[in-house]
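**Student:** got a structure for you, letters missing:
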């Protein structure tokens, strides 16, 4: 499955547009074996009765040197079928195209039966895009009684702002915790580990609505 950061390298430099593109991105994922087995009934369901009948008649009429008897048997309603993701199944479908039994488009439908179409990033937020691109704005936050507290000025899409501390040994930012399910205007808090409570802290402000409590 695609990595969001890698996908965004080919997306629009405009973060809002890139968000729309990432949410619409689709990819094919192989089905489990028992869900991608194809027999006569499957063929009929995918390309229709007329084309399915032509497919089956061509399959039966093909010489055994082209289509082995065992392959023909797999397409009987009583059989489990053939794994449509295998090279032999793909070759069979291509043979049916070559013989004129089915069209290229119908062959595509049969081959695609082996896969689910998924949209892995349909629920991501602008915050996710900014994090993946390493350009999420942050603001300073302080601790009180072991907690960091922020106020959100207006409602935003639900997201999880991360809290960072400056590591004094490396002078680099490290994620130390995060606020959960920030969406509605109001106050939010999160625990700051004791070893970081005297460090310089910051929190993601992807939507420009976070302020000190």
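**Tutor:** Great, that's in hand. Computed from a predicted structure; not experimentally measured.
**Student:** C-alpha only now, for contacts and for neighbours.
**Tutor:** OK.
**Student:** distance of the residue in the chain sticking out farthest from the centre from residue 80?
**Tutor:** Ranked by distance from the centre of the chain (C-alpha atoms, centre = their mean), the top residue is residue 63, with 43.0 Å. Note on residue 63: its distance to residue 80, by C-alpha to C-alpha, to the nearest Å, is 23 Å.
**Student:** got it, and residue 171?
**Tutor:** Distance from residue 171 to residue 80, by C-alpha to C-alpha: 62 Å.
**Student:** again with residue 134
**Tutor:** Per C-alpha to C-alpha, residue 134 is found 50 Å from residue 80.
**Student:** Which one's more surrounded, those two?
**Tutor:** residue 80 (15 against 10; other C-alpha atoms under 10 Å).
**Student:** okay but that one is in contact with residue 39, surely?
**Tutor:** Yes: assessed by C-alpha atoms under 8 Å, residue 80 is found in contact with residue 39 at 6.8 Å.
**Student:** got any residues that touch both of those two?
**Tutor:** With contacts taken as C-alpha atoms under 8 Å, 6 or more residues apart in numbering, residue 80 and residue 39 have residue 74 as neighbours in common.
**Student:** mind listing the strands for the protein?
**Tutor:** Taking DSSP state E as the criterion, the chain carries its strands at 27-30, 37-38, 82-83, 115-118, 138-141, 143-144, 147-152, 162-167, 172-178, 186-191, 201-204, 210-212.
**Student:** right, and these - which one's nearest residue 46?
**Tutor:** strand 37-38 (10.1 Å; C-alpha to C-alpha).
**Student:** quick one: strands adjacent to that closest one?
**Tutor:** Strand pairing for strand 37-38, determined by DSSP bridges: strand 82-83 (antiparallel).
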